[in-house]
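1. one predicted model, sequence on top.
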Amino acid sequence: MTSDIHLNKCNRCGRCMSVCPVYQTTFREADVARGRLALLEALEDGVMGWSERLGEILSRCLLCGACAQVCANNVQTTRLFQQGRRDLFLAGKSTRADNPLIKSIRRRDLPGKVVRKGGALFQALFCKKIPESSGLHLRFPLSFFTQRATAPAISWTPFIKSAEPEAASPVDGLRVGFFVGCGANYLFPEAARVLVRILRHMGATVVIPENQVCCGLPAYVSGDTKTAQALAKKNIELFGLLELDAVLTVCASCGSHLRDLPVLFDDDPLWQDAASGLAEKHRDAMAFLVESLDFDTYLKDQSLDRVLQGGPLLRVAYHDPCHLRIGQGITEAPRRILDALPNVELVEAPHAGQCCGHGGDFNLSHFDLSVNILDRRMEDFQKVEPDAIVTGCTGCLLQFVEGVSRKGLAGKVRVCHPLVLADKAMAYCRAT
Ligand code: SF4
Ligand code: SF4
């Protein structure tokens with residue numbers, strides 16, 4: 001692969017400074033797109049060489065895409081940064097390539113604090129309950145357990161292993177594949193379970209291939225393109241064998257990466273074609289439910305007025321994941337679902353679209369910076385006093401579980417996927 005840095009048309013206007021969550025936290029030129037691009041240009045011109053310091057600068061980016069979205073010169077910032085990470089990895093300068101924390105875990109020389117805080121997730125990761133191919137190994141090294149106030153409970157039985165097979169396929173309904181993703185499979189299986197339940201209720205056939213693997217995003221953002229390609233090939237082959245109307249995700253990060261898979265095979269037209277096949281089939285679950293199954297209309301038609309008289313009113317604030325808002329252009333469908341729910345008041349926090357600070361492995365490698373961004377986002381939410389913060393990305397969910405805990409709101413503010421609330425409303429209506 002070759003670098004596309006020559007495509008950089010940055011004129012140093014500085015517009016990206018107004019939207020970059022990292023720059024807005026540190027106010028350092030090296031922490032914004034134009035600064036990073038200048039360094040990559042200097043590298044290309046041979047003025048400087050790869051170094052760990054440069055690697056550190058490149059890693060201090062959430063790859064949220066906000067800079068590319070506002071750039072008047074249409075500079076493909078995230079693509080250029082990603083190529084920089086790949087080249088750094090290939091040059092053997094990436095600190096992520098051989099993470100000493102992961103090595104120490106594998107040697108089993110573990111601090112007691114880690115074992116106490118990590119609990120089931122930790123054991124599951126390193127007692128081989130979770131396969132090496134899972135992105136969770138990149139997402140949850142030792143630092144994950146030592147720095148956080150919260151560690152998520154792992155699902156001992158991954159969703160894919162516990163999913164009930166389709167009883168009987170409806171003859172003329174839609175046939176959809178479900179790409180579950182590591183976050184929904186192990187950490188937020190409720191989001192996966194409710195999607196299957198809702199789809200079946202709406203008459204669709206759901207196919208959940210048991211051998212699917214991690215989407216490869218954690219490897220990709222680490223610069224490890226080879227691992228990302230190997231994982232992508234497995235999923236492309238697996239889903240390519242099935243005759244599906246769509247392939248759905250409940251995690252915006254997985255979904256955005258599936259859509260970008262063709263970029264991984266720039267130098268391999270055959271695989272690029274196959275990757276495009278999967279990318280074109282992909283739909284975010286909430287957008288699919290609204291656009292293809294009229295789910296919001298269905299919810300509104302359920303004579304729900306009677307429920308409004310009984311149940312408590314829930315103030316719900318929705319967070320736009322960058323991988324959904326920018327990566328897939330989806331902001332409306334989740335709000336339409338929430339708006340159609342009985343006893344739910346959808347409240348908008350200030351600065352809609354602001355990043356939560358999770359950013360793939362950014363949360364691991366730059367925890368303090370990540371939670372600084374998170375704290376600002378939590379302050380936005382606190383202004384509207386929600387009973388629940390909901391979002392359609394398992395990375396954001398993980399971040400907000402930490403956020404409510406840091407603000408002393410654990411147990412008071414619920415954090416979940418929007419479809420979990422939709423499923424509860426449907427069950428409530430059936431029961432009344
Ligand atoms: S907005 Fe675009 S052109 Fe302007 S400084 Fe940022 S990357 Fe460069
Ligand atoms: S991708 Fe996001 S974090 Fe990275 S430079 Fe652009 S705006 Fe900043």
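-> Received, thanks. Numbering: from 1, shown residues only. Ligands and ions are numbered 1, 2, ... in the order given.
2. make it CA atoms for all contacts and neighbour counts henceforth
-> Will do.
3. if I look at Gly395, how far off is Asp320?
-> Per Cα to Cα, to the nearest Å, Gly395 is found 12 Å from Asp320.
4. Arg377 now?
-> Applying Cα to Cα to Arg377 and Asp320 gives a distance of 11 Å.
5. for Pro262, what are its contacts?
-> Trp271, Gln272, Asp273, Ala275, Ser276, Ala279 (Cα atoms under 8 Å, 6 or more residues apart in numbering).
6. hmm, try it at 7 Å
-> Gln272, Ala275, Ser276 (Cα atoms under 7 Å, 6 or more residues apart in numbering).
7. most surrounded residue in the residues you listed?
-> Ranked by the number of neighbours (other Cα atoms under 10 Å), the contacts of Pro262 place Ala275 first, at 25 neighbours.
8. buried stuff in stretch 60-75?
-> Residues of stretch 60-75 classed as buried: Arg60, Cys61, Leu62, Leu63, Cys64, Gly65, Ala66, Cys67, Ala68, Gln69, Cys71, Val75 (neighbour count, 16 or more other Cα atoms under 10 Å).
9. return the residues of this protein in contact with ligand 1.
-> Counting by Cα under 6 Å from any ligand atom, the positions of the chain adjacent to ligand 1 are Cys10, Asn11, Arg12, Cys13, Gly14, Arg15, Cys16, Ala33, Arg34, Cys71, Asn73, Val75.
10. and the residue lying closest to Ser370 once chain neighbours are set aside, what element?
-> The shortest distance from Ser370 to any non-neighbouring residue, by Cα to Cα, 6 or more residues apart in numbering, is to Gly357 (4.7 Å). Using DSSP states H and E, Gly357 maps to neither a helix nor a strand.
11. contact partners for Gly357?
-> Applying Cα under 7 Å, 6+ apart, one finds that Gly357 lies in contact with Asn363, Ser370, Val371, Ile373, Leu374.
12. can you pick out the ones from those residues that are in strands?
-> Among those, no member falls in strands (DSSP state E).
13. turn these into a markdown table, including pLDDT, distance to Ser162 and neighbour count.
-> Formatted as a markdown table, the contacts of Gly357 follow (pLDDT from 0 to 100; distance: Cα to Cα, whole Å; neighbours: other Cα atoms under 10 Å):
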| residue | pLDDT | distance to Ser162 | neighbour count |
| --- | --- | --- | --- |
| Asn363 | 84 | 29 | 22 |
| Ser370 | 96 | 33 | 24 |
| Val371 | 96 | 34 | 22 |
| Ile373 | 98 | 36 | 20 |
| Leu374 | 98 | 33 | 25 |
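14. how about TSV for those, with distance to Phe188 added?
-> Compiled in TSV, those are given as follows (distance: Cα to Cα, whole Å):
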residue	distance to Phe188
Asn363	18
Ser370	21
Val371	21
Ile373	23
Leu374	20
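15. Tyr220 against Ala228, yeah?
-> Yes. Here Tyr220 lies in contact with Ala228, judged by Cα atoms under 7 Å, at a distance of 5.3 Å.
16. much appreciated, bye for now.
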